[in-house]
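Colleague: What follows is a protein structure lacking sequence information:
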């Protein structure tokens, strides 16, 4: 893993690095083997400017997808990431509930399907016990200070538009938070 990740000292540093990865300036991130680019293939290219802005503001995104419906396959628009619990952005993200979005702080106790294939959950969030060392697993190769800040002050946040195939609500709402 590159020195930019080992040198990270804070959640904010991780956000700047993730933005650099999304922009193509950093070749990979600790839990993603390879360069940015798959997003262009699955119709998610329009998310990139929003994801870059979120990361620069301190919401370190680790998972996202656009909404779509394609026959029996369907997705809900969603994003997951970490933000410092003292960053005012956390309150703004949680307030997106007022716009009809589902916001879960922490790890959901019940399983939430974000992708289905022929009516069966294909990709889910939550519903299983997260490992104690999850942060270390997700961010292996990252500087100790950044890991410590994630463990002590990092708030995991999932934001989901529960309407299958609707891709015009979550991303503009997130843009409104960071622009």
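Modeller: Sure thing, it's come through. Keep in mind the model is a prediction, meaning the values are calculated, not measured.
Colleague: What separation do you get for the residue nearest to residue 6 when sequence neighbours are not counted and residue 149?
Modeller: Leaving aside its sequence neighbours, residue 6 sits nearest to residue 143 (C-beta to C-beta, 6 or more residues apart in numbering; 5.4 Å). In this view, the C-beta of every residue, glycine as well, is placed from N, C-alpha and C. Noted for residue 143: a distance of 10 Å to residue 149, by C-beta to C-beta, to the nearest Å.
Colleague: wait, isn't the residue nearest to residue 6 in contact with residue 4?
Modeller: No: Residue 143 is beyond contact range of residue 4, at 9.6 Å (criterion: C-beta atoms under 8 Å).
Colleague: Go ahead and name everything in contact with the longest helix anywhere in the chain.
Modeller: In terms of residue count, the longest helix belonging to the chain (DSSP state H) is helix 11-22. For helix 11-22, the surrounding residues in contact (C-beta atoms under 8 Å, 6 or more residues apart in numbering) are 4-5, 7-8, 26-29, 32, 36, 48, 51-52, 54-61, 82-84, 87, 139, 142-143, 146, 149-150, 153-154.
Colleague: Show the buried residues in the residues you listed.
Modeller: The neighbour-count test (16 or more other C-beta atoms under 10 Å) marks 4-5, 8, 26, 29, 36, 48, 51-52, 54-61, 82-84, 87, 139, 142-143, 146, 149-150, 154 as buried among the contacts of helix 11-22.
Colleague: Name all residues that sit in contact with residue 143 and residue 149 at the same time.
Modeller: With contacts defined as C-beta under 8 Å, 6+ apart, the residues shared by residue 143 and residue 149 are residue 9.
Colleague: So the residue located most distally from the centre of the chain versus residue 167, what's the distance?
Modeller: Relative to the C-alpha centroid of the chain, counting by C-alpha atoms, centre = their mean, residue 71 is the outermost residue, at 26.1 Å. Distance from residue 71 to residue 167, counting by C-beta to C-beta: 17 Å.
Colleague: now swap in residue 120 and tell me
Modeller: Per C-beta to C-beta, residue 120 is found 22 Å from residue 167.
Colleague: Which one's more surrounded, the two?
Modeller: Using other C-beta atoms under 10 Å as the criterion, residue 120 and residue 167 rank with residue 167 on top: 21 against 9.
Colleague: List phi and psi for that one.
Modeller: phi -120, psi 10 (degrees, to the nearest 10).
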